[in-house]
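[1] below is the structure, and that's it, no one-letter string:
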């Protein structure tokens, strides 16, 4: 872990540092009924019934120097795209789902910011040492 954090905090001269990951089994779900709109004091709703229209897999790499994502991203980006685009979306096909993912990535990359790692490895390891044994 110290080596990986070290690369993020102090990359070698003339190096390109990317963080690569995959998000598998993203389902193209179409809700049986549309959700009710948001109203003052009321949360948005969606039915628990849905139709599965297939799955896709997202492979991505986050360029830490400028914050752009390439198709071929890391956990933080996957969490964001899931919350902002996939979870409440409705997709009639895998192609619709893939188009929504591509549109989100294009929008993300228009306002991408450099990734700045701020925690040294020792700080992370110290937090892990404080965890109760039952959580590890």
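    Done, it's in. What you see is a predicted model; the values in this text were computed from it and never measured.
[2] okay, now the closest residue in space to residue 1 that isn't next to it in sequence: neighbour count?
    Nearest non-adjacent residue to residue 1, counting by C-beta to C-beta, 6 or more residues apart in numbering: residue 121, 5.4 Å away. Bear in mind the C-beta positions are built from the backbone N, C-alpha and C, glycine included. Residues within reach of residue 121, counting by other C-beta atoms under 10 Å, total 15.
[3] how about residue 29?
    Residue 29, neighbours per other C-beta under 10 Å, totals 20.
[4] try the one 10 residues further on
    The local packing of residue 39 (other C-beta under 10 Å) involves 8 other residues.
[5] residue 25 now?
    Residue crowding around residue 25 was assessed by other C-beta under 10 Å; the count is 7.
[6] look up how far residue 127 lies from it.
    The spacing between residue 25 and residue 127, counted by C-beta to C-beta, to the nearest Å, is 30 Å.
[7] got it, and residue 9?
    17 Å.
[8] who's more crowded, those two?
    residue 9 (13 against 10).
[9] quick one, grab the pLDDT at the residue nearest the centre of the chain.
    For the chain, residue 78 is the residue whose C-alpha lies nearest the centre (C-alpha atoms, centre = their mean; 1.1 Å). On the pLDDT scale, residue 78 is placed at 84.
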